[in-house]
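K.L.:
Mind folding the following:
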Amino acid sequence: MKAKLGIAPIAWWNDDLAELSDDVSLEECLRQASVAGFTGMETGRRFPLDPAVLGPILKQYGISVCGGWFSGLLLDGDIEVEKERIAAQMALFKAMNAPCIVYGETARTVQGDRSKPLSTKPKLSEDEIKVYARKMTEFGEWCADQGMPLSYHHHMAAAIETEEELDLFMKYSGAGIPLLYDAGHMAFAGGDVLRVIDKHHKRISHVHTKDVRMDVIKGLDRTKESFLDAVIKGAFTVPGDGSLDFEAIVKKLAGYGYEGWFVVEAEQDPVKAPPLEMAKIGHKELLRVMAAAGYTVVAA
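P.N.:
Below you'll find the predicted structure:
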């Protein structure tokens, strides 16, 4: 089986909290990712949207686009409006031969608001999840028909956060909306990271290898502290530096035949956690667990 290793620029510059950012250019970010051994990077706020500009920059560092976040609003919005909102990113990703667009639901989310505690996250009834899941399926099918599939990101502080919420979303949605599996977000939400793979492996199309520091998470007061407060405190880190058993996680995915991208996505304070150093730790650990799981790591 083959796997590709990518990383997200959020370790260098945080799109939700600008203060957690290195003052580095896109070129320096790509250079460091390449030095650490990665051949893919997800997009971020310093990426140009013109493929004629971005392509040569990526080629210089041997990096390809391995995904990237789209702030979706479909929970409260209209499919036709979302088609217009995603069009520019879709055109770029098609030109860059990216595997997918990462769909993150940002309607009603509190993930980017430090004044909103974790406990105030949006909560949907089963009927509301059913309606939302069907809309997401229709939108996902349309995106795939355009040549650029989505991968749905369950996320802390958003409408689909917990294992139970994800189970309902998967129950009522269809294959037209694949799943991005993020062990770190699921662990933070109190879910069983291996059981989620067992239940939903057929729909997993993209993987974020985000580790967590469980001592930080357990110490949070969710009635007072926000998602961004947790990030600042160091809730997330790279594989090999946190609490999760990524060898078990990767072996579980391998057992179900997952092949594709494994993307390190670990937002931290770059002053306390130098991005290049952390990227090297994450890459080394992923190489170890990939070998143990029987993967051959290939370039993008």
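
K.L.:
do you know how far the residue nearest in space to the middle of the chain is from Met148?
P.N.:
Nearest to the mean C-alpha position of the chain, counting by C-alpha atoms, centre = their mean, stands His208 at 5.0 Å. According to C-beta to C-beta, to the nearest Å, His208 stands 19 Å off from Met148. No exception for glycine: its C-beta is placed from N, CA and C like everyone else's.

K.L.:
dump the residue contacts of Gly260.
P.N.:
Ala3, Lys4, Pro99, Ser205, His206, Val207 (C-beta atoms under 8 Å, 6 or more residues apart in numbering).

K.L.:
mind redoing it with 7 Å?
P.N.:
Ala3, Lys4, Pro99, Ser205, His206 (C-beta atoms under 7 Å, 6 or more residues apart in numbering).

K.L.:
Just read off the phi/psi values of the closest residue to Asn97 other than its chain neighbours.
P.N.:
Excluding the flanking residues, the one nearest Asn97 by C-beta to C-beta, 6 or more residues apart in numbering is Ser64, at 7.0 Å. Note on Ser64: backbone dihedrals following degrees, to the nearest 10 are phi -120, psi 160.

K.L.:
Kindly report the same for Ser205.
P.N.:
Backbone geometry at Ser205, expressed as degrees, to the nearest 10, gives phi -120, psi -10.

K.L.:
before we move on, what about the one 3 residues further on?
P.N.:
In terms of degrees, to the nearest 10, the main-chain angles of His208 are phi -100, psi 120.

K.L.:
Tell me where the stretch 151-300 of the chain has strands.
P.N.:
Using DSSP state E, counting those that start in this stretch, the strands of the stretch 151-300 of the chain run over 179-182, 204-208, 211-212, 236-237, 260-264, 296-297.

K.L.:
tell me the pLDDT at Arg203?
P.N.:
At Arg203 the predicted local confidence, pLDDT, stands at 98.

K.L.:
List the contacts of it.
P.N.:
Applying C-beta under 7 Å, 6+ apart, we find Arg203 in contact with Met170, Ala175, Pro178, Leu179.

K.L.:
Got a quick ChimeraX command for the buried subset of these?
P.N.:
To isolate the buried ones among these in ChimeraX, judged by 16 or more other C-beta atoms under 10 Å, type:
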select :170,178,179
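
K.L.:
Dump the contacts of Arg203 into JSON lines; add pLDDT and distance to Gln60 as well.
P.N.:
As requested, these are exported to JSON lines (pLDDT from 0 to 100; distance: C-beta to C-beta, whole Å):
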{"residue": "Met170", "pLDDT": "98", "distance to Gln60": "40"}
{"residue": "Ala175", "pLDDT": "97", "distance to Gln60": "38"}
{"residue": "Pro178", "pLDDT": "98", "distance to Gln60": "31"}
{"residue": "Leu179", "pLDDT": "98", "distance to Gln60": "33"}
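
K.L.:
Inside helices: which ones of the contacts of Arg203?
P.N.:
The members of the contacts of Arg203 that map onto helices under DSSP state H are Met170.

K.L.:
just to revisit the earlier point, beta partners of the residue nearest to Asn97?
P.N.:
Gly40 (DSSP bridges).

K.L.:
was I right about it contacting Ala300?
P.N.:
Yes. Counting by C-beta atoms under 7 Å, Ser64 touches Ala300, with 3.9 Å between them.

K.L.:
By neighbours, which of the contacts of Gly260 wins?
P.N.:
His206 (27 neighbours; other C-beta atoms under 10 Å).

K.L.:
quick one on the thing from earlier: I figured the residue nearest to the centre of the chain hits Leu179, correct?
P.N.:
No. Under the criterion of C-beta under 7 Å, His208 makes no contact with Leu179, lying 11.1 Å away.
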